[in-house]
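>>> from the sequence below, what's the structure:
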Amino acid sequence: MSDENSLNAVELATELTIAWLGNQNNRVSAEDVPAFLRTMHATVTELASGPVTSDGDAQDLAPQQEFTPAVTVRKSLASKDHIISLIDGKPYKTLRRHLSTHGLTPEEYRARYNLKSDYPMVAENYSAARREMAHKIGLGSKGRQAKAAAAPAPAEKPKRAPRAAKSV
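Here you go, the predicted model:
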């Protein structure tokens, strides 16, 4: 490659840092910017050098962290009124918001604790109460009722009397 086509790691790291700081959702103090730039430069340099192929270095960079649940799976599902989180051991009616505060999706949560794919994210009684309320207010049935009203059953046509023959 020529010098014109090769990427300068410092310039690229600087441009990425400027773009990251330009995002209004990222709030960083001025003291943290040099450390972020150094980290960005190290990352760009590492990526430019190619994949790590030495003995086990890739495994050293991303070791699998072992997570121990706060309670057993059986205890987490013991009550129909709530599900006990395996992260902190607290009861929740639904785990989705709790998981999002920890940066997890339900699939990641299940994978982290080796749970089955059908492990519930909502307490049984809470789910039943919401289902009952939805049926009570008619959610979902209005569409079916509208379709039924728009397409009435075919009525029989009245039979006509036979025509009299015309005389010419």
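>>> where does the protein have low pLDDT?
Scanning the chain for pLDDT under 70 picks out the ranges 1-7, 51-64, 152-158, 161, 165, 167-168.
>>> all helices of it, in order?
Along the chain, the stretches classed as helices by DSSP state H are 9-22, 33-49, 57-61, 73-76, 96-101, 106-112, 124-137, 141-150.
>>> how about a markdown table for these, with mean neighbour count and distance to Lys90 added?
(C-beta placed from N, C-alpha, C; glycine too.) Listed next are the helices of the chain as a markdown table, based on neighbours: other CB atoms under 10 Å; distance: least, CB to CB, whole Å:
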| stretch | mean neighbour count | distance to Lys90 |
| --- | --- | --- |
| helix 9-22 | 14 | 34 |
| helix 33-49 | 14 | 34 |
| helix 57-61 | 10 | 33 |
| helix 73-76 | 14 | 11 |
| helix 96-101 | 13 | 8 |
| helix 106-112 | 15 | 14 |
| helix 124-137 | 12 | 15 |
| helix 141-150 | 9 | 37 |
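>>> can I get these in TSV with distance to Leu86?
Listed next are these as TSV, based on distance: least, CB to CB, whole Å:
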stretch	distance to Leu86
helix 9-22	34
helix 33-49	32
helix 57-61	26
helix 73-76	6
helix 96-101	10
helix 106-112	8
helix 124-137	17
helix 141-150	37
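>>> does Ser117 touch Arg110 like I think?
Yes - here Ser117 lies in contact with Arg110, judged by CB atoms under 8 Å, at a distance of 6.5 Å.
>>> report the central residue of this structure.
Closest to where the C-alpha atoms of the chain average out (CA atoms, centre = their mean) is Thr105, at 5.4 Å.
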